[in-house]
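> here is a sequence together with a model predicted from it:
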Amino acid sequence: MQFKSAVFTTLVFATFAAATRIPASQCTGITGSLQCCDSTGIASDASISKLLGLLGVVVQDVTALVGVTCSPISVVGVGGNSCTAQSVCCTNNSFNGVVALGCSPVNLGL
């Protein structure tokens, strides 16, 4: 039963995240920065929760999407700066790419 609940929660979250992609042009230095992350998830995911704990981040305080193993995307559309993983706009990138907090999915084509 717990497995079904976890799968359902994951599917609902994935659907929500896909439906709320913002244009890359709306991700500015004020609202966040463009990141290319190997994966994204919620703070309560076991592996993400462990990473956040190691970094001293209180998991209960993290309510937005978390990016894992991220690198900055400096200029959208310029060769060498494309993202083959998950492109996101994150508000807190102070963990040297290990994690990025406050992320929103981004459409690099807009």
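That came in fine, so what should we check first? Numbering: from 1, shown residues only.
> list the contacts of the residue positioned nearest the centre of the chain.
Taking CA atoms, centre = their mean, the centroid of the chain lies closest to residue 67, which sits 3.3 Å from it. By CB atoms under 8 Å, 6 or more residues apart in numbering, the contact list for residue 67 reads 35, 37, 39-40, 86, 88, 90, 99-101, 103. Yep, even glycine has a C-beta here, placed from its N, CA and C like the rest.
> let's go with 7 Å and repeat that
Residues counted as contacts of residue 67 (CB atoms under 7 Å, 6 or more residues apart in numbering) are 35, 37, 40, 88, 90, 99-100, 103.
> tell me what it is bridged to.
residue 40, residue 100 (DSSP bridges).
> need the pLDDT of it.
Residue 67 is assigned 95 on the pLDDT scale.
> returning to what we had before: in a markdown table, list the contacts of residue 67 along with distance to residue 21 and pLDDT.
Shown next, in a markdown table, are the contacts of residue 67 (distance: CB to CB, whole Å; pLDDT from 0 to 100):
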| residue | distance to residue 21 | pLDDT |
| --- | --- | --- |
| 35 | 14 | 92 |
| 37 | 14 | 95 |
| 40 | 12 | 94 |
| 88 | 9 | 92 |
| 90 | 14 | 93 |
| 99 | 20 | 93 |
| 100 | 16 | 93 |
| 103 | 12 | 93 |
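> now list the buried members of the residues you listed.
Among those, those classed as buried by 16 or more other CB atoms under 10 Å are 35, 37, 40, 88, 90, 99-100, 103.
> export the residues you listed to JSON lines and tack on distance to residue 60?
Putting the buried ones among the contacts of residue 67 into JSON lines (distance: CB to CB, whole Å) gives the following:
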{"residue": "35", "distance to residue 60": "23"}
{"residue": "37", "distance to residue 60": "22"}
{"residue": "40", "distance to residue 60": "19"}
{"residue": "88", "distance to residue 60": "21"}
{"residue": "90", "distance to residue 60": "19"}
{"residue": "99", "distance to residue 60": "16"}
{"residue": "100", "distance to residue 60": "18"}
{"residue": "103", "distance to residue 60": "18"}
